[in-house]
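sequence-free structure coming up:
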């Protein structure tokens with residue numbers, strides 16, 4: 001393992017078990033807009049992308065078009081009111097506090113909007129742990145590496161001093177574009193084989209395994 005000074009986390013499917021809520025809200029938005037409801041597996045493929053990119057891709061619609069924008073608006077409405085539980089994964093809080101206490105800087109690079117990210121940071125009480133955070137509306141959508149370069153610039157670090165941790169191929173490809181070390185987690189939306197195609201340092205099955213890599 002290279003000398004890592006910064007751990008950058010994806011949020012949904014990596015730190016928070018919110019995939020079920022996302023799937024439910026996409027389905028509700030589709031019904032509201034009289035669109036064919038995608039399967040959970042289909043929705044998994046766009047988790048991690050910005051809504052402006054992911055929703056048109058999922059429904060085969062023009063990006064920025066009226067139908068895509070209507071779906072996005074209804075998704076956001078449902079996400080604010082949906083009651084599907086979305087807790088932190090077991091061990092996530094302890095891992096973050098442990099690495100923070102070790103002096104490893106922490107950051108978030110997520111497909112959530114700034115508004116959505118701020119909400120979960122406050123709801124979980126984790127905001128003070130993160131040295132930098134980026135939402136999808138502050139950079140280009142994954143897998144474009146812009147949000148990673150923004151975080152590195154803010155913290156005066158280079159890619160080899162950081163590691164990207166995520167559950168999707170979008171996270172892995174984003175880091176791969178910068179030759180940044182990356183670790184896949186198997187409990188999210190994409191399976192081990194798809195994550196390994198992007199040559200991560202490791203794909204882990206538990207938070208304990210992940211913590212041990214930088215322990």
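Received the coordinates, thanks. None of these values were measured; they are calculated from a predicted model.

which intervals of the protein have sub-threshold pLDDT?
Applying pLDDT under 70 to the chain flags the ranges 1-2.

residue farthest from the centroid of it?
Distance from the C-alpha centroid of the chain peaks at residue 34, with 28.1 Å (CA atoms, centre = their mean).

mind checking how far that one is from residue 71?
Here the criterion is CB to CB, to the nearest Å. By it, residue 34 lies 10 Å from residue 71. Where C-beta positions appear, they are placed from N, C-alpha and C, glycine not excepted.

so what secondary structure elements neighbour the longest helix seen in the chain?
Using DSSP state H, we find that the single longest helix of the chain is helix 66-81. Helix 66-81 sits against helix 19-32, helix 51-59, with contacts defined as 3 or more CB pairs under 8 Å, 6 or more residues apart in numbering; DSSP states H and E.

make it 10 Å
helix 19-32, helix 51-59, helix 114-124 (3 or more CB pairs under 10 Å, 6 or more residues apart in numbering; DSSP states H and E).

now the second one, how far from the chain's geometric center?
Helix 51-59 has its average C-alpha position 16 Å from the chain's average C-alpha position, going by CA atoms, centre = their mean, to the nearest Å.

picking that back up, next structured bit after the longest helix of the chain?
Toward the C-terminus, helix 66-81 is succeeded by helix 92-102 as the next helix or strand (DSSP states H and E).

which of the residues in that following helix are buried?
Across helix 92-102, burial judged by 16 or more other CB atoms under 10 Å covers 92-93, 95-96, 99-100.

Which strands and helices lie in contact with that helix?
strand 6-9, strand 105-109, helix 114-124, helix 207-213.

got the angle between that helix and helix 114-124?
With axes from the mean of the first three to the mean of the last three CA atoms, to 10 degrees applied, the angle from helix 92-102 to helix 114-124 works out at 90 degrees.

Who are the contact partners of the nearest residue to residue 114 once chain neighbours are set aside?
Of all residues not flanking residue 114 in the chain, residue 135 sits nearest, at 4.1 Å (CB to CB, 6 or more residues apart in numbering). Contact analysis of residue 135 by CB atoms under 10 Å, 6 or more residues apart in numbering lists 11, 50, 108-118, 147.

same thing but at 6 Å, please
110, 112-114, 117 (CB atoms under 6 Å, 6 or more residues apart in numbering).

any idea how far stretch 30-41 is from the chain center?
22 Å.

tell me which residues of it are tucked away?
Across stretch 30-41, burial judged by 16+ other CB under 10 Å covers 30, 33, 35, 38.

Would you check which pair of those residues lies furthest apart?
The two members of the buried residues of stretch 30-41 with the most space between them (CB to CB) are 33 and 38, at 12.2 Å.

And for residue 194, nearest residue in space, chain neighbours not counted?
residue 169 (5.3 Å).

Quick check: that neighbour vs residue 49, distance?
Residue 169 is 11 Å from residue 49, by CB to CB.

cool, and residue 179?
Separation of residue 179 from residue 49 (CB to CB): 22 Å.

between those two, which one's more packed in?
Using other CB atoms under 10 Å, the more surrounded residue of residue 179 and residue 49 is residue 49, with 20 against 11.
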